[in-house]
Every structure is written in C-alpha cells, then in structure tokens.
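S.K.: let me see the structure of the following:
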Amino acid sequence: MNRKTIPIVLSLALAAPMVLAHGDTVPQAVDTAGLPDLPEEMAKENPWRAATGDVLFKAVEVGAKGFNSNCARCHGLEAISGGLAPDLRYLEANDFGDEWYLDRVLHGYEQNGAVKMPPFADIFNQQAVWAIRTYIETRPDADEMAGKSAEIHALLDKVKALEAGADAAAAGAVADELDTANDQFAALSGAPKSVTVLAQAAHILRADPARATVAAELIAGSLRD
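M.R.: Numbers count the residues shown, from 1 in each chain. Below is the predicted model of the structure:
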C-alpha cells in the first residue's frame, strides 16, 4: 500500500456499519485499566509502537477488546476483513498511517451527508485510541499461521506439559521457543513486532509458570478458530 492509496482505503475501511458484520452496534467505552497514563494532549504517533513487556501486551489485550466491541462489525473479528471492508492490518505502522487513523477515529466519517462512521473522540480516551491501534498493527498473517499449525500444535503440547507444575527455568525455556516461533510471523503493517497468541503465551509463562493452563488454552483457542 502506498501513500496515495491510504486516503481511499481508510475512507472505505473505516466506513459504515454493514450487514453480516460482527460486534456491537452502539459504540462502547473501553476499559483501559492497567495501561500507563498518557499526557492529556493527544499524541500524533502511536506511543506504544516500540513498547515491550507488560506495556505492549496490556495494550494489545485492551486494544483487542476495544476493537472487537466497536470495530469488528465492519472490519472483521481479529481485524481480519471478510471482504466488506479493506483489511486494516495493512494500515502502515508509521506517522502517516497514524495521522489517517486518528482522523477517522476521532472525527468519524461522512459521505454525502450520511454518517458512515461515528466519531469516537468523546467515547475513547487516549489510552483506548492507541491500544486499538497497537492491536491492529501487531496482527500477523493468519494464513501464514494456519500453515504452521503442526508446529503450533507441537508447541502447545510443550506448554501443556508444564501444567502439572514447572519451575521458572522450564517455563522460560518453553517461552523462548514460543517467542522464536512468534518471530516467524511479521506484522502485516510493518510494525516492529507481531503479537500472536504464541507471544502472549510466552509472556504469561514468564510472568507466572503456574498459569501454564491459561497459556495453553490461549494457543488451543487459536487452533480451533
């Protein structure tokens, strides 16, 4: 996608509610508890693009909930377009992409006097705005992940083996494998890092090996989808 196409893409991508789409019809506030505070003035670029650790994963978690509650009905669950609107995962993760994202999210979009997308400036706080952006721009190619299902199943078995009890060293070794596998999948937006369920499971294991069951369920859920 080049810069000339972005205005057209975003005008369509952030467009009207469509039939056979997903999610709630009424804009929903987003619970941003756990995210760092941001200055009152709206940032011009995603402040969490280079984030790591707890901040990155919390932003993705919050952003996923916000997106699926407010955006998925037009743009597809998990930000995967069903063909009714362009795929937002390809919106470039840079200052130019941020500019267009902010304009549509904050001010909405109208066409021929009809509201195609409501403004969210009075609904989302700044943390919510950028959490959703972080979620979108860290999405990988789902088809590529599906092509690695055998490898992911093998990793799932290793995570399940930790459920009976594992020390930090054992959990950390499995987490390293999960991270290595995650890094095979680039973010479609060109963001520095994709965040798949593999990376999320690795983060869980490092934070608390006793939550291996939660990490396993996260990976298993993606394989069922």
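S.K.: C-alpha coordinates for the helix or strand where L106 lies, PDB please?
M.R.: Assigned by DSSP states H and E, L106 belongs to helix 95-107. Written as PDB, here are the backbone C-alpha positions of helix 95-107 (Å, rounded to 0.1, in the frame of the first residue of the first chain):
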ATOM      1  CA  ASP A  95       3.400   8.500  11.300                       C
ATOM      2  CA  PHE A  96       1.400   8.800   8.100                       C
ATOM      3  CA  GLY A  97      -0.800   5.800   9.000                       C
ATOM      4  CA  ASP A  98      -1.300   7.200  12.500                       C
ATOM      5  CA  GLU A  99      -2.400  10.500  11.000                       C
ATOM      6  CA  TRP A 100      -5.200   8.900   9.000                       C
ATOM      7  CA  TYR A 101      -6.200   6.600  11.800                       C
ATOM      8  CA  LEU A 102      -6.600   9.400  14.300                       C
ATOM      9  CA  ASP A 103      -8.600  11.500  11.800                       C
ATOM     10  CA  ARG A 104     -11.200   8.700  11.300                       C
ATOM     11  CA  VAL A 105     -11.300   7.500  14.900                       C
ATOM     12  CA  LEU A 106     -11.600  11.000  16.400                       C
ATOM     13  CA  HIS A 107     -13.800  12.700  13.800                       C
END
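S.K.: buried residues, it. List them.
M.R.: Of all the residues in helix 95-107, those buried under the rule 16 or more other CB atoms under 10 Å are 97-98, 100-102, 104-105. C-beta coordinates here come from the backbone N, C-alpha and C atoms, glycine included.
S.K.: and stretch 108-121, by the same measure?
M.R.: With burial defined by 16+ other CB under 10 Å, the residues of stretch 108-121 counted as buried are 109, 116-120.
S.K.: and the furthest pair within those residues?
M.R.: Within the buried residues of stretch 108-121, K116 and F120 form the most distant pair, 13.3 Å apart (CB to CB).
S.K.: overlap in contacts of those two?
M.R.: Overlap of the contact sets of K116 and F120 (by CB atoms under 8 Å, 6 or more residues apart in numbering) consists of G108.
S.K.: sorry, back to before: tell me what the helix holding L106 is packed against?
M.R.: Helices and strands touching helix 95-107, by 3 or more CB pairs under 8 Å, 6 or more residues apart in numbering; DSSP states H and E, are helix 6-13, helix 126-137.
S.K.: same thing but 10 Å
M.R.: helix 6-13, strand 114-117, helix 126-137 (3 or more CB pairs under 10 Å, 6 or more residues apart in numbering; DSSP states H and E).
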